[in-house]
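> What follows is a protein structure lacking sequence information:
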């Protein structure tokens, strides 16, 4: 019986091969002529909803055919698993030209005759980084004009089947699919493929890749652009090569193209910041031996004789300052004069990055025919969900047509629910951060006791201090909490944005962006803000410590400062996020696809069709790019907001982004279905977010240098309190530590043990000694340092802001040559259109058309003359 089944299966497959001599790895209908522009799939499951789904599909497909689309269905017997039906869609020429006019698609009218830019003398040096010209510029440069059905003779239509690129074709078909009705349910008109996907009528809807990524297609009519992208762009070994942006735009559309252009430009600009940051780090490394503070801490005669007050109540013991020798040496790597220079440099760098990006974006807008692109034509179209959910209608004052709208009362209620939800989740983040702070306060004593009493930890006790151990474990715990909250909030943010029912696609993206960014900003940066601006600032002094919830004593900074802890926190969160992000983006989709294709891998190629291959890939959803931008903008915050504490942050970001470009390109080319092409002329609301972070970064870095690093106290000591002219910084450590008399400890704070009978202990502050009349009050030096810190913040902010605004004013947003080209193209395009109209008018006059009057002819010629004059 089993052998009989195998024989039947063999005959079935044999019949399928004989039925169609050509391979099913094709992007054409069975006739080999009509191109497949879109594919719908569904499973014919016999459940309660089966009849309803069948009725919806019949109605929907009938309406698609009425709209002019041509369909061809592959029976489930033809599929690899014998369960899935595939509906292939082809848009004929008449449909394409109709909707090209509706969508205002620009098409070529004449080859561009504007000479290219003057050759760069460095081109020969950059040759190893270049890609072949055919890859970089797959199409000639044309003057373009919006398509009009009435002027088809005007356009360069050599072949109707290839005039509209596959990305244009799938965009047009998707436009029809999202608006095609499929019936009336519960008295409401239902339409759109998205709703049909949500209710399970169809299981997938996607355009096809043009070939397999690892080899060219057998069909000579195939462009093999996916293969070219994989070979020249998506492989990591090509990391040093430029990106084929024109080919990316042609294959995936302008929206994805502009993302990769921005990511590539950001990575190029990071190279300069990484080099300067590395130099600042090396300066700290080479001057470690010259650091007087760490020398004094490590000196047995100075640091070994200074007895420090316990860092926790009762359980902790007195300790010698030289136990923090190694951590004080390492803190000099990041807390030195170069830190100040790098903070100012990054304030200017971020302005240069944003201004030069505007120029790069303006050039892309010209090259990609987006100069006159009206966002309203694409992004401001009503969302199908809005049209479906809003039953009330009112007259549009512009179009004078009735359109759906959401009442103000309903909007207010939805915004209140949305705002309350966002505030709740932000409060949850703050609560989790407080929990981590409590963890830090609670476990410090345990780490101190463990390291003192465990002999195996004695060799590393100099490097792994209780402060560092607490900081590292708290940072790791904080990172885990961040990841969990992120996962949960993503679902909530999408749900509440859907609940608001935004009117347009742009509104939807902007609202979701602001919700997600606000949450991510608080989630990722709150712990860094705590270490930078709160830890060690509200400690009190021995005998009068401040407590959180009247129970846990507030944390103190290391005697060498809190900057090294901020560096640790930043490194763990930033590096952990980047590693986890790359695992999510690359490994997870690969495993999912491997698991989904494990059966099909044993089948002959001519049984595993192109639409089935793409069906088994992952979905690059409408929010796919949103997450990519969000990831990079959060990284941008790490390298700008806290860069004064970690000059190597731009280098880490640079290495990550070199990998990120190839990971994103690899997964998009090999692991995901082809996304529907979409237009975009900028990075959208992210530009404003980056501008806001650039301004905030100046403030945060000024405060980090002033309050978190030890630079200002050292400078005040150097210029105002040093008594040694030969070595001005000697004695700084002793000067920065105040004296406390142990007998003044209240019972709550007093350590249980004092085996060496110490009389005094030292603590980090500027207070009068116990024998002074102003016992334990702040000294004048404290107020001098505070005044110097505030003065530094004001001066640094004003200097950097003045330079930033001057640089932004000096650099025009649009390059002069691009402005000239835009004007030239507009003039030539108008001239061509006017000449075309004049020729048509002449033909009408010659044919004796009475409507074509002499006055009309003169007016048309006059308009041409006016255009030339302008």
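Yep, it's here. Keep in mind the model is a prediction, meaning the values are calculated, not measured.
> measure residue 293 to residue 683 for me?
To residue 683, residue 293 is 44 Å away according to C-beta to C-beta, to the nearest Å. Using the backbone N, CA and C atoms, a C-beta is placed for each residue, glycine as well.
> can you give me the strands in the stretch 751-870 of the chain?
Assigned by DSSP state E, counting those that start in this stretch, the stretch 751-870 of the chain shows strands spanning 760-764.
> wait, what's in contact with residue 499?
414, 417, 418 (C-beta atoms under 8 Å, 6 or more residues apart in numbering).
> Check which helices and strands the lengthiest helix in the chain is in contact with.
If you go by DSSP state H, the chain has its longest helix at helix 408-453. Packing partners of helix 408-453 (3 or more C-beta pairs under 8 Å, 6 or more residues apart in numbering; DSSP states H and E): helix 466-500, helix 505-533, strand 547-548, strand 552-553.
> Now the residue nearest to the spatial centre of the chain: closest residue in space that isn't a chain neighbour?
Nearest residue to the geometric centre of the chain (C-alpha atoms, centre = their mean): residue 629, 1.9 Å. Take residue 629 and drop its neighbours on the chain: the residue closest to it by C-beta to C-beta, 6 or more residues apart in numbering is residue 686, 5.2 Å away.
> and the one you found, helix, strand or coil?
helix (DSSP: H, G, I helix; E, B strand; the rest coil).
> What of residue 189?
Criterion first, three-state DSSP; result for residue 189: strand.
> was I right about it contacting residue 180?
No: with contacts counted by C-beta atoms under 8 Å, residue 189 stays clear of residue 180, the gap being 11.6 Å.
> The two: which is more packed in?
residue 180 (21 against 11; other C-beta atoms under 10 Å).
> for stretch 413-431, the distance to its chain's centre please.
Mean C-alpha position of stretch 413-431 versus that of the full chain (C-alpha atoms, centre = their mean, to the nearest Å) differs by 23 Å.
> which other residues reach it?
Contacts for stretch 413-431 (C-beta under 8 Å, 6+ apart): 485, 489, 492, 496-497, 499-501, 515, 518-519, 522-523, 526.
> Most neighbours out of those residues, which is it?
The contacts of stretch 413-431, ranked by neighbours (other C-beta under 10 Å): first place residue 523, 25 neighbours.
> re earlier: neighbour-wise, which of the contacts of residue 499 leads?
Neighbour-wise, the contacts of residue 499 (other C-beta under 10 Å) top out at residue 418, 18 neighbours.
> And the residue nearest to residue 364 when sequence neighbours are not counted, which helix or strand is it part of?
Leaving aside its sequence neighbours, residue 364 sits nearest to residue 261 (C-beta to C-beta, 6+ apart; 5.8 Å). Residue 261 belongs to helix 254-286 when elements are defined using DSSP states H and E.
> What helices and strands are in contact with that helix?
helix 245-252, helix 337-367, helix 624-641, helix 649-666.
> Could I get the ones you listed in CSV, plus columns for mean pLDDT?
Shown next, in CSV, are these (pLDDT from 0 to 100):
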stretch, mean pLDDT
helix 245-252, 94
helix 337-367, 92
helix 624-641, 90
helix 649-666, 93
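> Would you mind identifying the next helix or strand past the helix or strand of the chain at the bottom of the mean pLDDT ranking?
When the helices and strands of the chain are scored by mean pLDDT, DSSP states H and E, helix 2-19 comes last with a mean of 43. Per DSSP H and E, helix 2-19 leads on to strand 38-43 as the next helix or strand towards the C-terminus.
> buried set for that following strand?
Neighbour counts over strand 38-43 (16 or more other C-beta atoms under 10 Å) mark 38, 39, 40, 41, 42 as buried.
> Stretch 680-700 too?
In stretch 680-700, counting by 16+ other C-beta under 10 Å, buried: 680-686, 689-690, 693-694, 697-700.
> could you give the mean pLDDT of it?
Across stretch 680-700, the average pLDDT comes to 91.
> How about stretch 482-498?
The average pLDDT for stretch 482-498 rounds to 86.
> Wait, the residue nearest to residue 364 touches residue 360, no?
Yes: with contact defined as C-beta under 8 Å, residue 261 reaches residue 360; the gap is 7.0 Å.
> Let me know the closest of the buried residues of strand 38-43 to residue 391.
Closest to residue 391 out of the buried residues of strand 38-43 is residue 40 (28.1 Å), distances taken as C-beta to C-beta.
> so the closest residue in space to the closest one that isn't next to it in sequence, which of the three states?
Distances taken as C-beta to C-beta, 6+ apart place residue 87 nearest to residue 40, at 4.2 Å, with adjacent residues excluded. Taken by three-state DSSP, the conformation at residue 87 corresponds to strand.
> any idea how far residue 822 is from residue 357?
19 Å.
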